[in-house]
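Enquirer: got a predicted model here, sequence first, then my questions.
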Amino acid sequence: MEKINIQRVWAMMLRHLFTWPRDLNNLVDCFWWGTFDLVIWGMTSSYIQEGVYGAGLVSFIIGGLICWTIVSRIQQEIGIEFIKESWDRNMLNIVASPITPFEHFLALILLSLVKLVITIGLMTFLAYLLFSFNIFTYGLLLIPLVFNLLLVGWWASFFINSLIVQYGNRIESFTWILIWTIQPFSGVFYPTSSMPGWMQNIATVIPTSYVFDGMRGVIATGQLDYSKVMWALGLNAVYTLFGILYFRHGYKKALETGMILKLS
Amino acid sequence: MKNVLEVNHLVKIFGRFTAVDDITFSVGEGEIVGLLGQNGAGKTTTISMILGVLSKTSGNISIFGKQMPEERQDVIGRMNFSSAYIKMPWRMKVWEHLYVFARMYEVEQPMDKVNRMIETFELEKYRDKLGGDLSAGNMAKVNLAKAFINYPKFVLLDEPTSSLDPEIARSVHTYLLKSQEKYQTTMLLTSHNMAEVEELADRVIFINHGKITAEGTPEELVKKTLPMTRMRLYMKDGQKRTVEYCRIQKLPVETKDRYVEIDIKEEDVSHVLSDLAHKGVEYTEITITKPTLEDYFIDELKGKSS
């Protein structure tokens, strides 16, 4: 066996330790995922323990999972495809070309929809095959809910891409995790009514909480509570507007600080 | 000659650091202008502001008579750029990358243009190669092919040939000069290769610490600040007579072993050689070295030429 030189091992550890405090990605990895898993699965377990589902628990969880995939895939696809230009050192080619930031964004939105259709198609097929859960049973009632989920993915992308152009690659972890910060308050696997009071208060301003409660209502009763759709739509309209304004602000800031050049 | 680019009192400040400090210059139609300066002088910052990918702090940039960045969308399709610091996507084929930009710049018959650029930059062998499989030299050629994909009337080139071997760099120079001659393409280029700038640029602008310190044709700049040609003779007979002659004529002279080095105006060379011949001076070797832009550049950085 080769002799281990502890100096070299320490040097390599130092290489990472020096950059850890300056790299938000590491801090996120350390603190975020453990906390997130604990909250989500703790809440879901408590809900299961209550034993008051009104309909099939499997349908709730699989329906929630499929619908959450819509939000997370849309946001991540837009974020990752955007930051890929930086990884490929192609960003300057793009921003120096005639394509405007919003045309760039629109292209990414359309691409994310294509990928989403493939992903959701596969999930729907597998859910039917493995668990006899047919999401199409609920037909047109799901369309307003799905539309709201798409809006959430889009405005979240505006916020996240704005952060990336302002702060660069050091916060690229946000591309993966920021959307997940709203998941515990969205009631993906459990109803908002089973959350503690402080979480319910936050959930009132999270559009996905209305969507997932609405989805469970559709699964349980076959009826869609349109007031929930309208609440979600109203909140989404506000966040989309702020998302667009924040992206414009972020892009302007990036042009001022030169971060766009650094992303290249 | 109409101006394609006009820069007036341009300033860029990052926090407390002034990267570009009140510069004013213009570039005429069909002109190739070299922007020179050491690392951190403000060349790339200036080019970035002209491209509209960096905001100016104050001042004015006008391209084809349109204000940047306010009217950027009106002119950006007629411009393009290449930089040694950018690459193409790793998983994309060369022709795909060029095709994407041909579409982005709304080039008519984009595939034809892609094929022509691949041929022009001798990329036929690499047409179906992925970006990640290209050498630095071929990547630079792809960048240049992209820079000319839209028949631009104004091109910004940031160290365009820095990764190229001399043979390919020469073919790129030929292409750039042909493009200037045939299409009246205006170019603003930065380079650390002074011989390249001397060959390509009609005019040179020196930037130091964000300020323009000199401007003119390469010949003018070199002559203005370094007017002397160095003549080096390997003496067979008459070394002392030569030194004495130079002292009388007040010509700067140095001796090293059997060599005599005289700093002299280019137009006086024949006259001095004739005088030395009359004095019976014999030499077996003669070297005449003209100052170059590189000599000027080094002097400029040392603050001598100003």
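Expert: Ah, there it is. Numbers count the residues shown, from 1 in each chain, chains lettered A, B, ... in the order given.
Enquirer: so where do the strands sit in chain A?
Expert: Secondary structure of chain A by DSSP state E: no strands are present.
Enquirer: need the residues of it near chain B, please.
Expert: A:84-85, A:88-90, A:92-93, A:95-100, A:252, A:255-258, A:260-261, A:264 (CB under 8 Å from any CB of the partner chain). All C-beta spots, glycine's among them, are computed from the backbone N, C-alpha and C.
Enquirer: run the last query once more with 6 Å
Expert: By CB under 6 Å from any CB of the partner chain, the residues of chain A that approach chain B are A:88-90, A:92-93, A:95-99, A:255-256, A:258, A:260-261, A:264.
Enquirer: and residue B:81, that's in a strand?
Expert: Yes - judged by DSSP: H, G, I helix; E, B strand; the rest coil, residue B:81 forms part of a strand.
Enquirer: quick check, it in contact with residue B:154.
Expert: No - in this structure, residue B:81 is not within contact of residue B:154 by CB atoms under 6 Å, at 9.3 Å.
Enquirer: count of neighbours near residue B:166?
Expert: 9 (other CB atoms under 10 Å in any protein chain shown).
Enquirer: what score does it have for pLDDT?
Expert: Per-residue pLDDT puts residue B:166 at 84.
Enquirer: scan chain B for its longest helix.
Expert: helix B:166-183 (DSSP state H).
Enquirer: helices or strands up against the next helix or strand after that one?
Expert: Using DSSP states H and E, the helix or strand that follows helix B:166-183 towards the C-terminus is strand B:186-190. Here strand B:186-190 touches strand B:32-36, strand B:154-158, going by 3 or more CB pairs under 6 Å, 6 or more residues apart in numbering or on different chains; DSSP states H and E.
Enquirer: out of these, which gets nearest to chain A?
Expert: strand B:154-158 (8.5 Å; CB to the nearest CB).
Enquirer: mind listing what the closest one pairs with, with the direction of each?
Expert: Note on strand B:154-158: by DSSP bridges, its sheet partners are strand B:79-83 (parallel), strand B:186-190 (parallel).
Enquirer: want to try TSV for the ones you listed, with mean pLDDT and distance to residue B:20 as columns?
Expert: Listed next are those as TSV, based on pLDDT from 0 to 100; distance: least, CB to CB, whole Å:
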stretch	mean pLDDT	distance to residue B:20
strand B:79-83	93	17
strand B:186-190	94	13
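Enquirer: could these go into TSV alongside mean neighbour count and distance to residue A:38?
Expert: Below are the strands paired with strand B:154-158 laid out as TSV (neighbours: other CB atoms under 10 Å in any protein chain shown; distance: least, CB to CB, whole Å):
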stretch	mean neighbour count	distance to residue A:38
strand B:79-83	26	47
strand B:186-190	25	54
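Enquirer: which of those sits closest to residue A:197?
Expert: Using CB to CB as the measure, strand B:79-83 is the one of the strands paired with strand B:154-158 that comes nearest residue A:197, at 55.7 Å.
Enquirer: how about the residues of chain B by chain A?
Expert: That would be B:48, B:51, B:53-55, B:76-77, B:81, B:86-87, B:89-90, B:104, which are the residues of chain B within reach of chain A (CB under 6 Å from any CB).
Enquirer: just the buried residues of those residues.
Expert: Buried by 16 or more other CB atoms under 10 Å in any protein chain shown: B:48, B:51, B:53, B:54, B:55, B:76, B:77, B:81, B:86, B:87, B:89, B:104, out of the residues of chain B next to chain A.
Enquirer: check contacts around the first one.
Expert: The contact partners of residue B:48, by CB atoms under 6 Å, 6 or more residues apart in numbering or on different chains, come to A:261, B:54.
Enquirer: report the next helix or strand after the helix or strand containing residue B:240 in sequence order.
Expert: Using DSSP H and E, the element containing residue B:240 is helix B:239-249. Counting by DSSP H and E, the next helix or strand C-terminal to helix B:239-249 is strand B:253-256.
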